[in-house]
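# Predicted model, plus sequence, below.
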Amino acid sequence: MTTEELLQKYDMTIGIECHVQLATNTKLFSATDNDARDKAPNSVVSPIDYGLPGMLPVLNRAAVDLAIKAGKALGSEVARVSRFDRKHYFYPDLPKGYQTTQMYHPIILAGEIEAPLEDGSSVRVRIHHAHMEEDAGKLTHYGDYSLVDLNRAGTPLIEIVSEPDIHSAAEAKAFATELYRRMTFAGVTHGDLYHGNMRFDVNLSVAPKGASELGNRAEVKNLNSFKSVEKAAEYEFRRQAELLEKGERIVQETRGWDDAKQTTSSQRSKEDAQDYRYMPDADIPPIILTDEEINRIQSEMPRLPGEWRELLRGVGLDHLQIETLLDAENEYRERVSILTIVESFIADTAKAKFVAIWNVNTLVPLLRDESFSLGAIDVALLESQLYDLMQSSKLSSNSAKAVFEELIATDETVDVEGYAESKGYIQESDENAIAAIVDEVIADPASAKAVADIRAGNDKVIGFLVGQIMKKSQGKANPALAQKLIRERL
Amino acid sequence: MSNISNFVGAQSARISVEAAIKKAKDNDNYHALLSLTEDRALERADMVDRGEITGKLAGVPFIVKDNFLAFGAPTTAASKMLEDFQAPLQATAVEKLEAEGAICIGKANLDAFAHGGSTENSAFGVTKNAIDQTRVAGGSSGGSAVVAALDIVPFALGTDTGGSIRQPASFNGVYGMKPTYGTVSRYGVVAMASSTDTIGCFATSAEDVALVLGIMAGSDDKDMTTLPDFFAENTQVKPGQKIGLIKEFMTDDVDSVVRERTTQYVAELTAAGHTVEEVSLPMLRYTLAMYYIIVPAEISSNLARYDGVRYGYRAEGVSTLAELYGKSRDEGFMTENKRRIMIGSYVLSSGFFDAYYQQAQKARTLLIEQFNELFQTYDALVGPVSPTPAFGIGENTSDPVKMYLADVMTVPASLAGLPALSAPAGTDEAGLPIGVQLIGRQRSDAQLLALAASVEVN
């Protein structure tokens, strides 16, 4: 059966858990550098991270502040009292023999987010809760031995747990993407997916359409891209639906994703699930937050994706343009914040819209080009001047693009009109001067046939005459004006 | 009488330290010490003598229980697991004492990982009672109590999770106090049970205990459970206190001689102008059950880090990860450690957590409420420390439950986080010391010590 046919017969139900690495300077319970990327193994590890005897956790308040921000980004209430618990298991990458997490009283309560799909529709997914916890270290296996690297041990995470409100691979991808956008826009995480800053676990079950009970679910763990979330959901749906077709049972289990093969495979079944012996962590007093603290931290947050969408829709952008800008913001924020530029023109809707679309069509493609290097130039000012020059017909859109591409890589802000003038981009809008050229072209015997055709009603030919005028003016004539003058004369 | 004051500023620190070390070596047969930090101690003594180190305890020698991370010797917790563990840093309590010029000369024996009430569970041999070498020192801070009682040093540090300072103080005839939970930083002390572990000390007078606690007390940004410093030095005893004699501590389960000494102490309190009335804490009958659920649960968690992977004992000849864990922990821990890990793991396991651990925590809240209620009326509570004087070595080792039952009068203050001390209250016919326990409301530590100081019984 094809996937399409299976989709006619079966429904999938998906819940997603997402681990987000918090963008703090230090670890969750120690003053150790939190950036383990490309560091020598075990070089950013303190006695606390190492789990030496007598060491005690000291909660990093910056992590709590980021969790408060994450709460807003998830549309969730932040708990006024939350606590840490210990989750016990033995593994060489877990120095204390337990992971400090929040089992019973998480800091982020229920919420809901709306994730846009590529077709312009959207899916609403409820958030069950999100809790803070520390990451474990990393094991690397070699033949008959393994090495432990504790650099990442103690890194602060929040784990976001969704309700099973997702019913297609596309929705799963959309939800994961939206979580990423919200967490990065909120400044909760650096969002470095390559280094595992956000990792997704997809819980998926399949049941015949109309069934009153959900099927057994399998959990695909540790997906680190939106694409893999989508592909893993597609694969799992097919795998489970095919088993059901054959009358087989789905085993409740944890599965891994093989990115090269684009398949999932069984890691461990529910039967050998561990008993984590959760207990409250008496070394860490409860986190007690007041309304004032929460409001202060949340009010200082930059605009979130939902707010940007609303603002950009108000300016007149379509779904695709909006999502392109949100993506670009994430991707290039550190080089240039396009949304901040658009926002700076918000008082003038037409200008804001122009600048937004200009960036979608002109700046974003440049940024995507790896050989392009952005200068220190004030991009907003440059775009503002280009807009004004186009409004006053001094620059054609082609010329504006040329000027933009020439200046965007430079470091100094210049008088754009003066620059365009010196480079000969300013178009002639003096009616008398253009009229003279128009008359000259109409009188030219080479134009005789075109003139006759136009007079006979073949309007398309007017373009030929405009072209001649542009040629004679060395491209400087305002083509709209030239056209108008031709019509007046013929 | 303060013993510490004899050392401060007197003679030379080097002479004091050398004398203490000599006395420690001369009393080797008690096996109170696991190591001497001789080189480092003499070095620091010379620094004191050259005026490079000054402070309230300049040149005063002391000994720490060997579960404090301290330089100069391994920190073993009296276990094979940490036999060779050299601490890369020192406990906050040790740092604070050193900052005042005190000099650590050695590390005292204990029940491995502080699990026990006799110092018989040490991986490195039994410590003998300071008065009668056929009897136990008490525990788990047995070594520290004995070095204080033998006057090897004027004070010694211990830890008290359920009585580990008070009971050996009682058995050896010295003062020993566990302060209010959170008074002294636990940073750098091998953890037993996070919610009841306290750092305290032994000395031959209540004044000296107050002096040392005053220095160690205070918030520490390395321990989130520490309280801001509330410990007021030179606290004068409040006259005419109302004191409650805990009825449940004076039953037939307690040796008659222990009850007699307690009654005698109560008479002293009355003679000093205080009013003593019998009070009841009905929740006391559940405290041992609570304690032996909550504390093993926390122990099983705090001891999970000793896995043979990063430091400490690692078993030889293992071929799988499970074997590495299993054998290292089996060989590195003592029977009593394993017993408590087993109990703790059991009460935390799925299905039992609610039935045991949660219930015990609820009962603990009720116990705290009953204490609070009494402290509305009473300034302090009084009762025995232990049902018996020091028992014979080997007498109780075959029956762990009997050993646990002896903790019945010390664990309530631990579960409620209250300050409690053991003060010498005379001896039995054979000359074995008997202590009496004073329990106060939270943060009344200095007042409790002042009360004890005002009623010294010979």
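Cool, got the structure.

# got the buried residues for stretch A:361-374?
For stretch A:361-374, the buried set under the neighbour-count rule, 16 or more other Cβ atoms under 10 Å in any protein chain shown, comprises A:362-364, A:366-367, A:374. For every residue, glycine as well, the C-beta is placed using N, CA and C.

# B:Gly308: which of those is nearest?
A:Leu367 (51.9 Å; Cβ to Cβ).

# Would you mind measuring from B:Phe85 to B:Asp223?
Plainly put, B:Phe85 is 20 Å away from B:Asp223 if you go by Cβ to Cβ, to the nearest Å.

# picking that back up, tabulate the buried residues of stretch A:361-374 in a markdown table, adding columns for distance to chain B.
Converted to a markdown table, those look like this (distance: Cβ to the nearest Cβ, whole Å):
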| residue | distance to chain B |
| --- | --- |
| A:Thr362 | 52 |
| A:Leu363 | 47 |
| A:Val364 | 47 |
| A:Leu366 | 49 |
| A:Leu367 | 44 |
| A:Leu374 | 43 |
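
# Farthest pair within the residues you listed?
Greatest spatial distance among those (Cβ to Cβ): A:Thr362 and A:Leu374, at 12.7 Å.

# Disregarding flanking residues, what is the spatial nearest neighbour of the residue of the stretch 301-450 of chain B at minimum distance from chain A?
The minimum distance from the stretch 301-450 of chain B to chain A, using Cβ to the nearest Cβ, falls at B:Ala304 (2.4 Å). With Cβ to Cβ, 6 or more residues apart in numbering or on different chains as the criterion, B:Ala304 has its nearest non-adjacent residue at 2.4 Å, and that residue is A:Gly97.

# Count the residues that sit near the one you found.
A:Gly97 has 21 neighbours, counted by other Cβ atoms under 10 Å in any protein chain shown.

# what does A:Tyr194 give?
Applying other Cβ under 10 Å, we find 8 residues neighbouring A:Tyr194.

# residues touching it, list them.
A:Asn224 (Cβ atoms under 8 Å, 6 or more residues apart in numbering or on different chains).

# My understanding was that the residue of the stretch 301-450 of chain B closest to chain A contacts A:His88; is that so?
Yes. Assessed by Cβ atoms under 8 Å, B:Ala304 is found in contact with A:His88 at 6.0 Å.

# who's more crowded, the two?
Set side by side, B:Ala304 and A:His88 show more neighbours around B:Ala304, with 24 against 21, by other Cβ under 10 Å.

# Just read off the phi/psi values of that one.
The phi/psi pair for B:Ala304 (degrees, to the nearest 10) reads phi -70, psi -20.

# what residues are up against it?
By Cβ under 8 Å, 6+ apart, the neighbours of B:Ala304 are A:88, A:90, A:96-98.

# any idea of the pLDDT on it?
B:Ala304 carries a pLDDT score of 98 in this model.

# One more: the one 3 residues further on?
The score at B:Asp307 is 97. That number is its pLDDT.

# ok, it touching A:Phe90?
Yes. Counting by Cβ under 8 Å, B:Asp307 touches A:Phe90, with 6.1 Å between them.
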